[in-house]
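# Structure for this input, please:
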Amino acid sequence: MLRISKLTDYAIVILSYMARNNAVQHAATEISSVTGIKLPTVSKLLKTLSKADIVRSMRGSKGGYFLARESETITVANVISAIEGPIALTECSLSVDHCEQSSSCEIRGNWLVINRAVKTALESVTLADMIKPVSGIPVEIRLPVENILA
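Sure, this is the predicted structure:
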C-alpha cells in the first residue's frame, strides 16, 4: 500500500486551514488548537514548510505564519516533497545507483512511467482544491498518457 506519512498528512491539514483564511497570520498555538495537532508537531512542520518556502513567518507580537504563495500554486506534490523528500515509488525512480539490480532490470523504465504518472497526479491537486467541499459525486481524473511518457 502506498501511504504518505502522518507528518505529511498533518502538514496538509495545517496548510488547508491556513489557506481558508490566508488574509491573516496564524500563530502556531492557534493552528494547534483549531486542528487538534499537538503544538510541538505544528511548530516542527511550520519550520520545515518555511524552509521549503511554502509558508513564511513574521516575528513579533502581531507575527505568525502565512502561505508564501497563493493556495492555487501550492500543490500536494510540493508538500510531500517538503516533508518526505523527492516523490519516488521505487529506489530506481530516484537514482539507478540505489538499486543493486539496475544493471539487469528490465522493468525500470515502466516504474519510471508509473512514478511520473503519480507525481503528475499529485502536482495537479492544489491546496485550493483541498479546501473545496467534496460533493457526493465521484470525480473522474484522466491523465493523458502522452504527458506521462514525454
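
# secondary structure element for Lys44?
Per DSSP states H and E: Lys44 is located in helix 39-51.

# what comes up buried for that helix?
Neighbour counts over helix 39-51 (16 or more other Cβ atoms under 10 Å) mark 41-42, 45-46, 48-49 as buried. All C-beta atoms are positioned from the backbone trio N, CA, C, and that covers glycine.

# Closest one of those to Val125?
Comparing the buried residues of helix 39-51 against Val125 with Cβ to Cβ places Leu49 closest, at 17.0 Å.

# So in terms of bridging, what pairs with the closest residue to that closest one other than its chain neighbours?
Residue nearest to Leu49 in three dimensions, not counting chain neighbours: Val55, with 4.6 Å by Cβ to Cβ, 6 or more residues apart in numbering. Taking DSSP bridges as the rule, Val55 bridges to Leu67.

# what about Val55, how many neighbours?
25 (other Cβ atoms under 10 Å).

# which residues touch it?
15, 18, 46, 49, 65-68 (Cβ atoms under 8 Å, 6 or more residues apart in numbering).

# ok so, going back, can you add pLDDT and give the buried residues of helix 39-51 back as CSV?
Below are the buried residues of helix 39-51 laid out as CSV (pLDDT from 0 to 100):
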residue, pLDDT
Thr41, 97
Val42, 97
Leu45, 98
Leu46, 97
Thr48, 97
Leu49, 98
